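1. Show me the folded form of this:
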Amino acid sequence: SVSTTVTAIVGESPTKNTNQTIIKYKESTKDSSEIIEWIQTNKNGINHISANHPSFSETTIGTDSTSEYYYSKPEDKTEISVNVINNTANISATINSKKIESVVPLNNTPFVYPPGFYVSDFVKSDKRKLFIWVINKSEATLSQMIFTKIGKETININGKDVDCIKTEMKPSGIGGMFWKAYY
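-> Below is the predicted model:
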């Protein structure tokens, strides 16, 4: 099976002159590790969170879940747009010059991508499991995932111990046997 671990590295509070927060994520797999910097801006009560990365651009917009999502990776000729209206995700994409259009009924399960920005209420709650939808960027499809609280864990971030709730995310169904991520 393949697994990924996502750790929030730094959250810098907004300054007096800006309403931006900088968040750094460390995404680690068995073979590599990468720090991705995100810039969060609150516009009229709605979060706009954009990746600051040299090879791709990624933006998620929403409050408790993603209402709009945009991804672009010119090197792979990939453009993806997801808009959620009336509990339905409308996907429009181009991958390797192939156009993809689809509509996915969400069935009252939220679309949240990247998940780390939207699951804090779940982590703080008494709930043990949470179902969500995420985007598969290589195919421009949505996949249903299940978050499960694993337990408490202390991690070290920049020399400081931080008490955390460890959660596991994996596809619902048989796919969960082959891939998982930890937050």
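2. Mind listing the strands the longest strand anywhere in the chain pairs with, and their directions?
-> Secondary structure assigned by DSSP state E gives strand 141-157 as the longest strand of the chain. Strand pairing for strand 141-157, determined by DSSP bridges: strand 129-136 (antiparallel), strand 160-171 (antiparallel).
3. Between those, which shows the greatest average number of neighbours?
-> Mean neighbours per residue, mean count of other Cβ atoms under 10 Å, is largest over these for strand 129-136, with a mean of 18. Using the backbone N, CA and C atoms, a C-beta is placed for each residue, glycine as well.
4. Quick check: phi and psi on the residue positioned nearest the centre of the chain?
-> By Cα atoms, centre = their mean, the mean C-alpha position of the chain lies nearest to residue 114, the distance being 0.9 Å. Main-chain dihedrals, residue 114, degrees, to the nearest 10: phi -70, psi 140.
5. wait, isn't residue 145 in contact with residue 135?
-> No: look at residue 145 against residue 135 with Cβ atoms under 8 Å: they stay out of range, at 10.7 Å.
6. Could you point out the helix or strand that follows the helix-or-strand element of the chain with minimal mean pLDDT?
-> When the helices and strands of the chain are scored by mean pLDDT, DSSP states H and E, strand 2-12 comes last with a mean of 50. Once the chain leaves strand 2-12, the next helix or strand it forms, by DSSP states H and E, is strand 20-29.
7. Many thanks, we can stop here.
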